[in-house]
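> based on what follows, work out the 3D shape:
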Amino acid sequence: MKLSDVAPQMVVTAKQLVVTVDNDTTGGIQLVSLDPQSGKSQWKADLPVDAVVADGPALVPIDGSDSIVLTTQTQILAYPLGGGDPKTWPLEQNWSVALTTSGVIATKPDNTKSAFVLYGDKLTQRALPKGANPVAVLADGTLVATDAHGKVWFSKDPTTAPKPKTLKAPRDTTPGTFVAATRDQIITAFVPKNEPTASRLCAFSLPGLQPRITTAPVNPAVFPTNFMLAPDESWAVAGNAWVDMTTGNSHVITSKWSPIAISQNNSWSKSGDNVLTATNQGKSLGPATKDSGQVAIPKGGTAKVVYCVASIGSDTTLYAVPLKG
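Sure, this is the predicted structure:
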């Protein structure tokens with residue numbers, strides 16, 4: 001299948017695979033939902049002919065219901081999981097939109113004092129204190145923001161910023177970087193005072209900020225760019241380490257592991273022309289292929305299939321590769 005983007009995003013669940021493809025008839029882009037095992041088409045939807053996809057598709061909750069969401073240069077579109085007409089919200093020029101697993105967050109480049117959440121069927125303003133970055137949306141429309149000093153804000157007012165709350169740091173650490181947030185937890189990296197190149201990951205519940213797990217030091221340090229959380233949030237890959245998100249136990253997968261994709265059953269890393277696979281218990285299975293030449297890059301998968309993309313020039317193709325074992 002030919003995709004519409006050289007760096008595509010996709011939604012993968014047990015029941016569907018959603019991607020964007022080129023529509024050769026209209027010259028535009030089409031959103032396609034497929035059966036994740038058979039590849040049979042479930043539904044299709046044409047985007048506006050002049051649309052340029054900026055982000056998505058992504059699985060995002062909107063007012064309590066999961067939707068297939070993407071953004072273009074002029075609007076946000078949310079499609080029902082079963083297909084049909086999308087809900088749309090216009091965007092002003094130069095808005096930045098984040099499609100998170102907890103909701104939609106929009107910001108304006110000339111406004112650092114507020115952000116907007118998609119709640120109550122509209123983009124609703126939430127006040128931000130100086131230095132805070134919006135990271136998540138609670139079910140009641142509260143915006144969650146954080147900084148690099150272990151502070152968290154819960155904002156529900158359009159003009160008045162709330163007072164911060166402080167995350168409980170592990171002993172002998174200093175606050176580090178925000179790593180990830182979901183509908184019900186925020187994950188932060190704290191820096192051990194005696195090991196400044198490492199991170200201790202801590203997960204806190206939302207909105208209560210009760211500590212959930214704390215890992216041993218992970219070295220090298222963990223950042224949002226090298227952290228990936230499994231769909232059910234039971235495990236994660238943090239740099240070169242596998243992490244049990246229910247206990248905090250962790251171990252190194254391989255010393256140079258750097259995640260490029262994750263599913264419920266596997267994670268993947270790339271080393272030269274080799275794509276490496278690991279299990280959901282953090283066991284390395286070695287290279288996915290030993291062939292030289294074009295490399296198909298994993299983007300997600302199910303228990304039986306991994307979805308990979310490979311590009312030649314401007315043409316990007318999606319492949320469904322059976323998993324061994």
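> for the stretch 1-150 of the chain, give me the ranges with low pLDDT.
1-7 (pLDDT under 70).
> and the chain, what are its domains?
167-252, 259-325 (automatic domain parsing).
> end to end, how far does stretch 23-34 reach?
Start-to-end span of stretch 23-34 (Cα to Cα, to the nearest Å) is 16 Å.
> oh, I was asking about stretch 110-126
Distance between the boundary residues of stretch 110-126 (Cα to Cα) amounts to 15 Å.
> what residues sit buried inside that stretch?
114-119, 123-126 (16 or more other Cβ atoms under 10 Å). C-beta: built from backbone N, CA, C; applies to glycine.
> what sits up against that stretch?
62-63, 76, 87, 89, 103-107, 127-128, 130, 134, 137, 141-143, 145, 155-159, 161 (Cβ atoms under 8 Å, 6 or more residues apart in numbering).
> again, but for stretch 208-221
Residues outside stretch 208-221 that contact it (Cβ under 8 Å, 6+ apart) are 152, 165, 167-168, 170, 176, 185-186, 189, 191-192, 195, 197-205, 238-241, 243-250.
> please export the C-alpha coordinates of it as CSV.
The C-alpha trace of stretch 208-221 is given here as CSV (Å, rounded to 0.1, in the frame of the first residue of the first chain):
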residue,chain,number,x,y,z
GLY,A,208,-3.6,13.0,42.6
LEU,A,209,0.2,12.9,41.9
GLN,A,210,0.6,9.8,44.1
PRO,A,211,3.9,8.0,43.4
ARG,A,212,3.4,4.8,41.3
ILE,A,213,6.8,3.5,40.5
THR,A,214,10.5,4.6,40.7
THR,A,215,13.2,2.9,38.7
ALA,A,216,16.8,2.3,39.5
PRO,A,217,19.2,4.7,37.6
VAL,A,218,19.0,4.3,33.8
ASN,A,219,22.2,5.3,32.0
PRO,A,220,22.4,7.1,29.6
ALA,A,221,19.6,9.6,30.6
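> off-centre distance for it?
Remark: stretch 208-221 is offset 19 Å from the chain centroid, using Cα atoms, centre = their mean, to the nearest Å.
> buried set for it?
In stretch 208-221, counting by 16+ other Cβ under 10 Å, buried: 209, 212-215, 217-219, 221.
> with stretch 298-310 instead?
Of the residues in stretch 298-310, 298-302, 305-309 count as buried by neighbour count, 16+ other Cβ under 10 Å.
> distance of the nearest residue to residue 320 once chain neighbours are set aside from residue 283?
Spatially, and ignoring its direct neighbours in sequence, residue 320 is nearest to residue 305 (4.9 Å; Cβ to Cβ, 6 or more residues apart in numbering). With distances defined as Cβ to Cβ, to the nearest Å, the gap from residue 305 to residue 283 amounts to 20 Å.
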